[in-house]
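1. next one to model:
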Amino acid sequence: MKTAFITGATSGIGFEFAKSLSEQGYALIVHGRNPKKLAELERQIEGVSQTICADLSDPATHAQVIQQLEAYSSLIDVAINNAGYGLYGAHIEHTSAQIQQMVSVNVLALTSLSEYFARRMEKQGKGYLMNVASTAAYQPQPYMAAYAASKAYVASFTEALAVEMKGKGVNITCLSPGRTDTGFFTFDGKDESSSGTGTFAAKYRVSPAKVAQKGLDALFKGRFREIPFLDNKFYVFLNRILSKDGMLKMYSSAMKNV
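-> Numbering: from 1, shown residues only. As a prediction, the model looks like this:
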């Protein structure tokens, strides 16, 4: 039986990754930071062989997660670094601790786990690794400055790593969703954004199940970049052809009113 590891598996896109891979016959190692939600996930989805409870906003937990993965002696065929969240608002309105915690999840944990799985899968001679970025990776975004920067790192790092590991049996994909119907702006019980209530957000969000399926299709087909759906592709294309000054003004105006 093949095995998949997923961070942030208790809700949103991560839950849909777990559900889809379970339906494909994978044994699952699932990560989450809430023990009650992990227990609920075990009841909802078949094939969960191990749960890892860790708050990745604390950098000290990253090595602990890897230590638990090291104890798993069977092959891990698929690894998905999905855990992440965003902070909305002017950058100076957030505390240093809030920013550092988000960067710990979005950047540091993902980097450590990517390195671990790249090495492990190279030794195995095969494997699939996916890192979840965002369309925010392709343009600086006022009022989501640190979040967009963290996802720009994920996209750049993942695509470069994919090239480095090409030919070693390790397929690496960067998935960059647009607005998705998830709770990624909610952390520690606090809604950090109006993402779920604004008119624009409500109109243009897509289901996490559709995003997860697009990501898995790209992963197993060996594509190193997946920007799902035409509207998101068009958005990224605009960022490449229009002036950065103009795009920044547009985003600043739009984000003030979400």
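2. report the secondary structure state of the nearest residue to N34 once chain neighbours are set aside.
-> Leaving aside its sequence neighbours, N34 sits nearest to T10 (Cβ to Cβ, 6 or more residues apart in numbering; 6.3 Å). All C-beta spots, glycine's among them, are computed from the backbone N, C-alpha and C. Classification of T10 using DSSP: H, G, I helix; E, B strand; the rest coil returns coil.
3. isn't T10 right next to K36, touching?
-> No. T10 is beyond contact range of K36, at 9.1 Å (criterion: Cβ atoms under 8 Å).
4. more crowded one of these two?
-> Per other Cβ atoms under 10 Å, whichever of T10 and K36 has more neighbours is T10, with 24 against 10.
5. what sits against that one?
-> Taking Cβ atoms under 8 Å, 6 or more residues apart in numbering, we find T10 in contact with 30, 32, 34, 37-38, 40-41.
6. what are the ranges of the strands in this protein?
-> All strands of the chain, identified by DSSP state E, fall at 3-6, 27-32, 48-53, 78-81, 127-132, 170-175, 186-187, 190-191, 225-226.
7. mean neighbour count added to the ones you listed, as JSON lines?
-> What follows is those, written out as JSON lines (neighbours: other Cβ atoms under 10 Å):
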{"stretch": "strand 3-6", "mean neighbour count": "24"}
{"stretch": "strand 27-32", "mean neighbour count": "25"}
{"stretch": "strand 48-53", "mean neighbour count": "18"}
{"stretch": "strand 78-81", "mean neighbour count": "27"}
{"stretch": "strand 127-132", "mean neighbour count": "26"}
{"stretch": "strand 170-175", "mean neighbour count": "26"}
{"stretch": "strand 186-187", "mean neighbour count": "17"}
{"stretch": "strand 190-191", "mean neighbour count": "12"}
{"stretch": "strand 225-226", "mean neighbour count": "18"}
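8. as JSON lines, those strands with mean pLDDT would be great.
-> As requested, the strands of the chain are exported to JSON lines (pLDDT from 0 to 100):
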{"stretch": "strand 3-6", "mean pLDDT": "99"}
{"stretch": "strand 27-32", "mean pLDDT": "99"}
{"stretch": "strand 48-53", "mean pLDDT": "98"}
{"stretch": "strand 78-81", "mean pLDDT": "99"}
{"stretch": "strand 127-132", "mean pLDDT": "99"}
{"stretch": "strand 170-175", "mean pLDDT": "98"}
{"stretch": "strand 186-187", "mean pLDDT": "47"}
{"stretch": "strand 190-191", "mean pLDDT": "36"}
{"stretch": "strand 225-226", "mean pLDDT": "94"}
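9. okay if I get those as a markdown table plus distance to A149?
-> Putting the strands of the chain into a markdown table (distance: least, Cβ to Cβ, whole Å) gives the following:
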| stretch | distance to A149 |
| --- | --- |
| strand 3-6 | 24 |
| strand 27-32 | 24 |
| strand 48-53 | 27 |
| strand 78-81 | 17 |
| strand 127-132 | 16 |
| strand 170-175 | 16 |
| strand 186-187 | 17 |
| strand 190-191 | 21 |
| strand 225-226 | 19 |
